[in-house]
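S.K.: generate coordinates for the sequence data below:
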Amino acid sequence: MSISFIASGVVWAWLMNPATGDRLAGINLMFHLAHLDFLISKWFTNPQPWAWHLRSSRRYGNSRLYHGALLGGIRSISDDLREAARVDGASEFQIYRYIILPLLQPVT
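M.R.: Below you'll find the predicted structure:
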């Protein structure tokens, strides 16, 4: 789990690195090497949006953990409960609202 955070941090730091110059840093360097100079932008080297980039990459990295935990929680709920609710006439929305989501509270 920690390796993905380290790799993500290194890649984002390299892509947004302004130390190599204002024009050819990170993503802009890749565009230049691929002869796509029309895609070069100062947006990639502006230090202001860095916090947004770091937060978004962190959310993406953590989302795998959250999805895994929720998937494990959903799979731990017995199919018998769902089947019993269907026999009683519950819709899928009602099954999720009144059975699955309350049973996922320990996970969330």
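S.K.: how does the chain divide up, domain by domain?
M.R.: With domains defined by automatic domain parsing, the chain comprises 2-65, 77-108.
S.K.: which residues of this protein fall in helices?
M.R.: For the chain, helices defined by DSSP state H occupy the ranges 2-15, 27-33, 50-76, 79-87, 92-95, 101-103.
S.K.: got the buried residues for the fourth one?
M.R.: When burial is assessed from 16 or more other C-beta atoms under 10 Å, helix 79-87 yields the following buried residues: 82, 85. Where C-beta positions appear, they are placed from N, C-alpha and C, glycine not excepted.
S.K.: now tell me what touches that helix from outside.
M.R.: Helix 79-87 has contacts (C-beta atoms under 8 Å, 6 or more residues apart in numbering) with 94-95, 98-100, 103.
S.K.: quick revisit: out of the domains of the chain, which gets the lowest mean score?
M.R.: The minimum mean pLDDT among the domains of the chain belongs to domain 2-65 (a mean of 68).
S.K.: Ala90 touches Tyr98, doesn't it?
M.R.: Yes - in this structure, Ala90 is within contact of Tyr98 by C-beta atoms under 8 Å, at 7.3 Å.
S.K.: neighbour count winner among those two?
M.R.: Neighbours per residue, other C-beta atoms under 10 Å: of Ala90 and Tyr98, the larger number sits with Ala90, 16 against 12.
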